[in-house]
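Peer 1: structure of the sequence below:
(chains A and B)
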Amino acid sequence: MAARKSATKKTTSHKGAKSASTSRTTKSAKSPSPEILTDVQVQFYKDMLKIRRFEERAGQLYGMGLIGGFCHLYIGQEAVVVGLQGNVIEADSVITTYRDHGHMLACGMDPKGVMAELTGRVDGYSRGKGGSMHMFSRERGFFGGHGIVGASVPIGTGLAFAHKYNGDGGVNFSYFGDGAANQGQVYESFNMAGLWKLPVIYVIENNKYGMGTSVERASASADLHRRGEAYGIPGKVVDGMDVAEVFKAGQDAVSYVRGGNGPIILEMKTYRYRGHSMSDPAKYRSKEELAKMRTEHDPIDRLRQRLLDQGVLSEDAFKEIDKGIKAEITAAAAYAQQSPEPDASELYTDVLRDVA
Amino acid sequence: MATEILMPALSPTMTEGTLSKWLVKEGDVVSSGDIIAEIETDKATMELEAVDEGTIGKILINEGAEGVEVNEVIALVLDEGEDSAALDVAATAISTVTPEVTSPAEEALPVERPAAVPMAVMDADEPALGETIELTVRESLRDAMAEEMRKDEAVFLMGEEVAEYQGAYKVSQGLLEEFGDKRVIDTPITEQGFAGLGVGAAFGRLKPIVEFMTFNFAMQAIDQIINSAAKTLYMSGGQMGCSIVFRGPNGAASRVGAQHSQCYGAWYSHVPGHKVVAPWSGADAKGLLKAAIRDPNPVIYLENELLYGSKFEVPVSDDYVLPIGKAKIERPGDDVTITAFSIMVGKALKAAEILAAEGISAEVINLRSLRPLDTETIIKSVQKTNRCVSSEEGWPFAGIGSEISALIMETSFDWLDAPVARVTGIDVPMPYAANLEKLAIPQVDDIVAAAKSVC
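Peer 2: This next block holds a predicted model:
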């Protein structure tokens, strides 16, 4: 997806580019200049728009009964994962909970494979056996997709443990929500990560509601970025609706964590436009609140306007981009319907690995 | 070609709904994300957003309509540059593909459906002991870990008190000294956290041995063990292997009360996606632990505190590996089969001696592995002896004995001369008082009595 080229003026060398459009860079040198190259910003725009169009289409396929069960859409939160992924290198690992489609696309996973998993088809990333909440791509450094709130955090911390144990220079990006931030195992993880100085970035995507309960109604302290203080883990609040802010915060965080200083917490203030899942009418918040976020803080519209104002792209150029992404997502949706359901024999495979 | 807007399913159970309100009218221009209608589902009133941009060409279902079926066309949208002529052309919404979803009922199951009991399918022979040395179970476990850690840099041990304290039960004695604190790691007392961390490390291609001070405490981590370790290979379509050993003492110790005395054999054996072993002898301990560490899957390794100090002849070879899923006939016999695992094997052997003195020849099977279960050895034995007593420390309801009874009923009904008898722990939380505890735990005499009752 995003060309993970250095967003700073300093050049970086590529290693093992995964595909023309999905390479992850080697270690990005710390740059004093926070300025983000325009082509990187354009890429951010494309990446965010791709997630949004994907999610809208997923919502539609859900409506048609082609996607079953639970389906949690990422619409509104795109800047968080796109901005942070701009700092990811080959050795890194990414893990998140169940609102995971955006993370997969941002990791460079193929929208066709993701959509086909949503429709429960054999060409899905988990051969149709995982679904929306359980998808993985070792090749892209994406370790799920976990359905149990909070459970991905110790696992991400374990991936960070492996990075340190192997000395591979990798960092784990452990994404979770404001709801998960109250789970006990998150603090068990903070403790071990702080104690052992593990290379992990805890990204709290604070979209204000854990399902239907607001942060204020669920948390004794709503300052989630301060949750690591007892473990010596620094935290920072970031405008998660501004992809440039997210990217810069990610740059600083990565530089801190890769420097061997242990974990860091980034609290991303963000917002989901849709309900918690497809069947949530979101009556716990006002229409005005939603409308305000959409009209004044939308990460895609904001970046679009900025690029227009700076004369980077014209309206026509944007139209071309939009058209291309729409076509890609439409193709993914068609693919996800054409792919056959898994063969019945798949029922019994992948339970255990054969002993060598 | 106009784009159709279909009545959406807005919950996993919705089949029809009410189109309560249109928020657009014909001729309105909409773009992606605009709310165009309100739909009442079986659960709530939901907003319907436009996916494609264009002009609302025609509204086909008026607001207020009830019982509108999911996927019925409710409106047509004209793309940029299209005029109303396009409305006459039928078009599908997003593709020309008609999804064909087969209902599960129509679908034939594959021919080779696995048996209800996860069986071990293997030709592996019992490896020869070779040269042996007398060791305690505790030392055998330590040796197994040390040998595998020497062989494979990816293997490491973590848990409470495993390093500087040398193990709460001294199982990891000397490992810190040999392997250093990178590979022998004291954890905080946070089972859920370090079990999950171990799973993540295994996803990162390390081979963790996670020690629980006892399996009672692993209940705090059981979500990570089952939901994260055991299920992820399947949920990932085979991508995400998790080579990890969860080990520690299981079952009743001595006078430690209900929260510290429980057999988890049946609990873990219920779950697909991992293996469960329960060694008895020192050779079992060594051979099965080495197999568990080398296994590419999660293995639940159930030890017994009371056996740690027991001495056995243990193979010296650092390549003594027992195949997981293979039981061992510890004592051959003709009149009754007694199945046992872990500490119950010793009790079953004592019972067999007493029975022999009374003229009853008992065959004692050390199950060693609970999942997969060596059904072949059990079935062959029962078809020879025509009688079976299962023994375990765990509770009776839905226990290992229940599974073995069902297995024998399904496979050897015509061979049985008596119903299968189950010797189990008593169906109560473990009491503290010495006399009551003894009554709650199955004893040698209980096995003898059960065997006599079927002979």
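Peer 1: which one is the residue in the stretch 51-200 of chain A positioned nearest to chain B nearest to, not counting chain neighbours?
Peer 2: Here the stretch 51-200 of chain A gets closest to chain B at one residue, A:G158, 2.1 Å apart by CB to the nearest CB. From N, CA and C alone the C-beta is placed, and that goes for glycine too. Once flanking residues are discounted, A:G158 sits nearest to B:G200: 2.1 Å by CB to CB, 6 or more residues apart in numbering or on different chains.
Peer 1: the one you found: what secondary structure?
Peer 2: Following DSSP: H, G, I helix; E, B strand; the rest coil, B:G200 is assigned to helix.
Peer 1: wait, it sits on A:P154?
Peer 2: Yes: using CB atoms under 8 Å, B:G200 is in contact with A:P154, at 6.5 Å.
Peer 1: confirm B:F156 sits in a helix?
Peer 2: No: the assignment for B:F156, made by three-state DSSP, is strand rather than a helix.
Peer 1: report pLDDT for the residue of the stretch 51-200 of chain A closest to chain B.
Peer 2: pLDDT for A:G158: 98.
Peer 1: my guess is A:A282 contacts A:E289, does it?
Peer 2: No: look at A:A282 against A:E289 with CB under 8 Å: they stay out of range, at 9.9 Å.
Peer 1: of the two, which one has the most company?
Peer 2: A:A282 (20 against 12; other CB atoms under 10 Å in any protein chain shown).
Peer 1: in contact with that one, which residues?
Peer 2: A:G212, A:R274, A:G275, A:H276, A:L290 (CB atoms under 8 Å, 6 or more residues apart in numbering or on different chains).
Peer 1: can you rerun that using 7 Å?
Peer 2: Applying CB atoms under 7 Å, 6 or more residues apart in numbering or on different chains, one finds that A:A282 lies in contact with A:G275.
Peer 1: need the helices for chain A, in chain order.
Peer 2: Per DSSP state H, chain A carries helices over the ranges A:38-63, A:78-85, A:101-106, A:111-118, A:152-166, A:184-196, A:215-218, A:243-256, A:287-297, A:299-309, A:315-338.
Peer 1: make TSV from those and add distance to B:N216 to it.
Peer 2: TSV is the format used below for those (distance: least, CB to CB, whole Å):
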stretch	distance to B:N216
helix A:38-63	43
helix A:78-85	40
helix A:101-106	36
helix A:111-118	38
helix A:152-166	20
helix A:184-196	18
helix A:215-218	31
helix A:243-256	39
helix A:287-297	47
helix A:299-309	48
helix A:315-338	46
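Peer 1: quick check: which of those is buried the most?
Peer 2: Of these, the one with the most neighbours on average (mean count of other CB atoms under 10 Å in any protein chain shown) is helix A:78-85, at a mean of 30.
Peer 1: what sits up against stretch A:40-54?
Peer 2: A:1-3, A:5, A:7, A:74-75, A:78-79, A:82-83, A:86, A:101-102, A:105-106, A:111, A:243, A:299-300, A:303-304, A:307, A:312-313, A:321-322, A:325-326, A:329.
Peer 1: low-confidence ranges, the stretch 201-350 of chain B, go.
Peer 2: By pLDDT under 70, the stretch 201-350 of chain B has no low-scoring segment.
Peer 1: contacts only, for the residue of it at minimum distance from chain A.
Peer 2: Nearest residue of the stretch 201-350 of chain B to chain A: B:G204, at 2.7 Å (CB to the nearest CB). Going by CB under 7 Å, 6+ apart, B:G204 touches A:G158, A:L159, A:A162.
Peer 1: do A:S219 as well
Peer 2: A:N182.
Peer 1: what residues are up against the residue in chain B positioned nearest to chain A?
Peer 2: Nearest residue of chain B to chain A, counting by CB to the nearest CB: B:G200, 2.1 Å away. B:G200 is in contact with A:P154, A:I155, A:G156, A:T157, A:G158, A:L159, A:F161, counting by CB under 7 Å, 6+ apart.
Peer 1: can you check B:Y165 too?
Peer 2: Neighbours of B:Y165 in contact, by CB under 7 Å, 6+ apart: none.
Peer 1: which of the three states applies to it?
Peer 2: coil.
Peer 1: please report phi then psi for it.
Peer 2: Dihedral pair for B:Y165: phi -80, psi -10, per degrees, to the nearest 10.
Peer 1: for the stretch 151-300 of chain B, which residues are neighbours of chain A?
Peer 2: Within the stretch 151-300 of chain B, the positions adjacent to chain A are B:188, B:190, B:192-194, B:196-201, B:203-206, B:223-224, B:227-228, B:233-241, B:272-273, B:295-297 by CB under 7 Å from any CB of the partner chain.
Peer 1: of the residues you listed, select the buried ones using a PyMOL command.
Peer 2: Burial among those is assessed by 16 or more other CB atoms under 10 Å in any protein chain shown; the matching PyMOL selection reads:
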select buried, chain B and resi 190+192+193+194+196+197+198+199+200+201+203+204+206+223+224+227+228+233+234+235+236+237+238+239+240+241+273+295+296+297
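Peer 1: for the stretch 201-350 of chain A, what lies in contact range of chain B?
Peer 2: Neighbours of chain B within the stretch 201-350 of chain A, by CB under 7 Å from any CB: A:278-279, A:281, A:330, A:333-334, A:337-338, A:341, A:344-345, A:347-350.
Peer 1: which helix or strand contains the most centrally placed residue in chain B?
Peer 2: For chain B, the residue nearest the mean C-alpha position is B:V271 (2.9 Å; CA atoms, centre = their mean). B:V271 belongs to no helix or strand when assigned by DSSP states H and E.
Peer 1: all strands of the stretch 301-450 of chain B, in order?
Peer 2: For the stretch 301-450 of chain B, applying DSSP state E, counting those that start in this stretch gives strands covering B:311-315, B:328-331, B:336-340, B:362-366, B:369-371, B:388-391, B:421-423.
Peer 1: could these go into CSV alongside distance to B:L19?
Peer 2: Converted to CSV, these look like this (distance: least, CB to CB, whole Å):
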stretch, distance to B:L19
strand B:311-315, 75
strand B:328-331, 68
strand B:336-340, 63
strand B:362-366, 66
strand B:369-371, 52
strand B:388-391, 61
strand B:421-423, 60
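Peer 1: as a markdown table, those strands with mean neighbour count would be great.
Peer 2: What follows is the strands of the stretch 301-450 of chain B, written out as a markdown table (neighbours: other CB atoms under 10 Å in any protein chain shown):
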| stretch | mean neighbour count |
| --- | --- |
| strand B:311-315 | 19 |
| strand B:328-331 | 18 |
| strand B:336-340 | 30 |
| strand B:362-366 | 27 |
| strand B:369-371 | 26 |
| strand B:388-391 | 30 |
| strand B:421-423 | 23 |
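Peer 1: can I get those strands in JSON lines with distance to chain A?
Peer 2: Below are those laid out as JSON lines (distance: least, CB to the nearest CB, whole Å):
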{"stretch": "strand B:311-315", "distance to chain A": "20"}
{"stretch": "strand B:328-331", "distance to chain A": "19"}
{"stretch": "strand B:336-340", "distance to chain A": "23"}
{"stretch": "strand B:362-366", "distance to chain A": "21"}
{"stretch": "strand B:369-371", "distance to chain A": "10"}
{"stretch": "strand B:388-391", "distance to chain A": "25"}
{"stretch": "strand B:421-423", "distance to chain A": "28"}
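Peer 1: out of those, nearest to A:S126?
Peer 2: Closest to A:S126 of the strands of the stretch 301-450 of chain B is strand B:369-371 (CB to CB; 23.5 Å).
Peer 1: neighbouring contacts of the closest one?
Peer 2: Contacts for strand B:369-371 (CB under 7 Å, 6+ apart): B:118, B:120, B:265, B:269, B:275-278, B:324-326, B:341, B:400.
Peer 1: alright, I will stop here.
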